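Trainee: Predicted model follows, preceded by the sequence.
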Amino acid sequence: MAMKLVAGIDTSTQSCKVVIRDAATGALVREGRASHPDGTEVHPREWERALREALTQAGGLDDVVAVGVGGQQHGMVCLDSTGEVVRPALLWNDTRSAQAARDLVDELGAQAWADAVGVVPVASFTGSKLRWLADAEPENADRTAAVCLPHDWLTWRLAGGFGAVGLDGLFTDAGDASGTAYFSAQSGEYRRDLLELAFRGRSPLLPRVLGPAEAGGRLSAEWGNPEALLAPGTGDNAAAALGLAAREGDVVLSLGTSGVVGAVTETAVHDASGTIAGFADATGRHLPLVVTLNAAQVLDATAKLLGVDHAGLAELALAAPAGADGLVLVPYLQGERTPNRPEATGAMHGLRLSTMTPAHVARAAVEGLLCGLADGIAALEAQGVTVDRVLLVGGGARSAAVQQLAPSVLGRQVVVPQPGEYVADGAARQAAWVLSGADAPPEWSLAPAQVFDLDDDARAAGQRVRARYAEVRDLTDGA
Ligand SMILES: Nc1ncnc2c1ncn2[C@@H]1O[C@H](COP(=O)(O)OP(=O)(O)O)[C@@H](O)[C@H]1O
Ligand SMILES: O=C(CO)[C@@H](O)[C@H](O)COP(=O)(O)O
């Protein structure tokens, strides 16, 4: 029997990645990738351009029978009544909506938000961005006939867009919808009242929310095989969990543009402190997440500062002692989301003649990054989430220094799956699930992972690193 091929697309912050896999076994057949522009405001057409480029590398979609898209969460894509994009999308890491988020919390109260939609507004969420639009660009708000997310929009383009399916053809899944702040992961329903609160009374069309393995339509012939099914797609973190086949007890740490600490759980989390976002996953379960704004780009910026590449940065970091002789980097280089300090800046503390060396700075950058993730794991545990296994993925997880220092700073064994595109893989696995019509996604074997362990000395050193980091973080609080 001929192999049936499925495609998984990851339209993430920095790039678009495509994998073409065998639906039955998950074997990788072809792949491609293309960059997105820098910045926190991007026109969606750039995602489509990058997708076309990545697909050309990946050999196209003519022989593919199902397609799924995983995407950066929360981005605000506004469409007018003719399907045109009203203004460039504001991405999850755009903080101009910080005051709008504060206003929404003041108007309803943090507990009421957490109870209603599992999240307390921060600048990242779509609802906060809609409030910003309503206040800062009311004409654009008035022209907005539909609001969707990056993965919804790209899937809609794959279906042929406005000309083929109209605005009613927009669809999404619970995983990505739960990042809007106007969808309840618990009930599986939109909260149109909260959308209207955010958008000052406006009530645009929202994408239909499909079940985890429900087909939303077919691929438009301009993209490839017109028989190919379109999967609901999902947010990139839910897609990564699916790609890794994460189960209860697994905590996934992703060091992409964002730093993410997430777990798959049976029950919804409602954290009124806002530290944990109570999202839905892509399989009908839940995905409590702690998300930071500063992750792999802290490594990128430090490497640039020191004039080295990623391998050089890792080498330098590993050459310095644990704790970098007291040098600490609090890496809030783009403000921060968790803790919620959108206007914060980064800080370096503990500079001496002896610590002002490239190796110390490199070490402090890696340790600072990992300390933020350690706080995230602690927050999940405090909400009763079981942590049996920690999986480290994302571009930053390719760093030898991150891999080797993570067990000590996190105080536990760390599993590093073979570097790969787990978001795109999860989207492909969802596509294969849609194709099969089965109750559960297909079992695909995963490449063997590397395990990084720690001894008592490393554990004690990690505790000291975290304590010193907390001291400096609190010292610079609100800076
Ligand atoms: N070996 C490495 N060490 C550290 N960082 C890396 C390495 N390789 C890639 N990165 C960084 O990882 C980031 C990309 O990660 P990725 O998970 O693809 O991000 P996103 O999904 O947000 O687009 C980039 O900032 C890139 O520079
Ligand atoms: O805002 C969040 C999750 O709440 C981010 O995790 C985005 O979903 C972007 O992810 P990456 O591009 O960093 O993978």
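Mentor: Alright, I've got the coordinates. Ligands and ions are numbered 1, 2, ... in the order given.
Trainee: from this protein, which residue is nearest to ligand 1?
Mentor: Gly395 (2.0 Å; C-beta to the nearest ligand atom). Placement of C-beta: from N, CA and C, glycine included.
Trainee: what helices or strands is the host helix or strand of Ala54 leaning on?
Mentor: Per DSSP states H and E, Ala54 falls inside helix 44-57. Counting by 3 or more C-beta pairs under 8 Å, 6 or more residues apart in numbering; DSSP states H and E, the packing neighbours recorded for helix 44-57 are strand 5-11, strand 15-22, strand 28-35, helix 150-158.
Trainee: Tell me the spatial nearest neighbour of the residue of the chain closest to ligand 1, not counting adjacent residues.
Mentor: Ala296 (4.8 Å; C-beta to C-beta, 6 or more residues apart in numbering).
Trainee: what about the one you found, distance to His349?
Mentor: Distance, Ala296 to His349, by C-beta to C-beta, to the nearest Å: 23 Å.
Trainee: The two: who's more crowded?
Mentor: Ala296 (24 against 17; other C-beta atoms under 10 Å).
Trainee: Just to check, the more buried one is in contact with Gly256?
Mentor: Yes. If you go by C-beta atoms under 8 Å, Ala296 and Gly256 touch, sitting 5.9 Å apart.
Trainee: these two touch, right, Phe245 and Ala447?
Mentor: Let me fix one detail, which is that residue 245 is Ala and not Phe. No. Using C-beta under 8 Å, Ala245 is not in contact with Ala447; the gap is 12.0 Å.
Trainee: which one of these two has more residues nearby?
Mentor: Ala245 (18 against 9).
Trainee: Shouldn't the more buried one be within a helix?
Mentor: No. Under DSSP: H, G, I helix; E, B strand; the rest coil, Ala245 falls outside any helix and is assigned coil.
Trainee: now it, nearest residue through space, not along the chain?
Mentor: Ala245 sits nearest to Leu446 (C-beta to C-beta, 6+ apart), 6.5 Å away.
Trainee: The helix holding Ala54 to strand 15-22, inter-axis angle?
Mentor: Interaxial angle of helix 44-57 relative to strand 15-22 (axes from the mean of the first three to the mean of the last three C-alpha atoms, to 10 degrees): 40 degrees.
Trainee: start the count at 47, not 1, going forward
Mentor: Fine by me, first position is 47 from now on; the one you just mentioned is helix 90-103.
Trainee: quick one: contacts of helix 90-103?
Mentor: 55, 57, 61-64, 77-83, 107, 123, 131, 134-135, 196, 199-200, 203, 269 (C-beta atoms under 8 Å, 6 or more residues apart in numbering).
Trainee: For PyMOL, what selects the buried ones among these?
Mentor: Applying 16 or more other C-beta atoms under 10 Å to the contacts of helix 90-103, the buried members can be selected in PyMOL as follows:
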select buried, resi 55+57+61+62+63+64+77+78+79+80+82+107+123+134+135+196+199+200+203+269
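Trainee: So which of the contacts of helix 90-103 reach ligand 1?
Mentor: Ser61 (C-beta under 6 Å from any ligand atom).
Trainee: How many residues are close by Thr190?
Mentor: 24.
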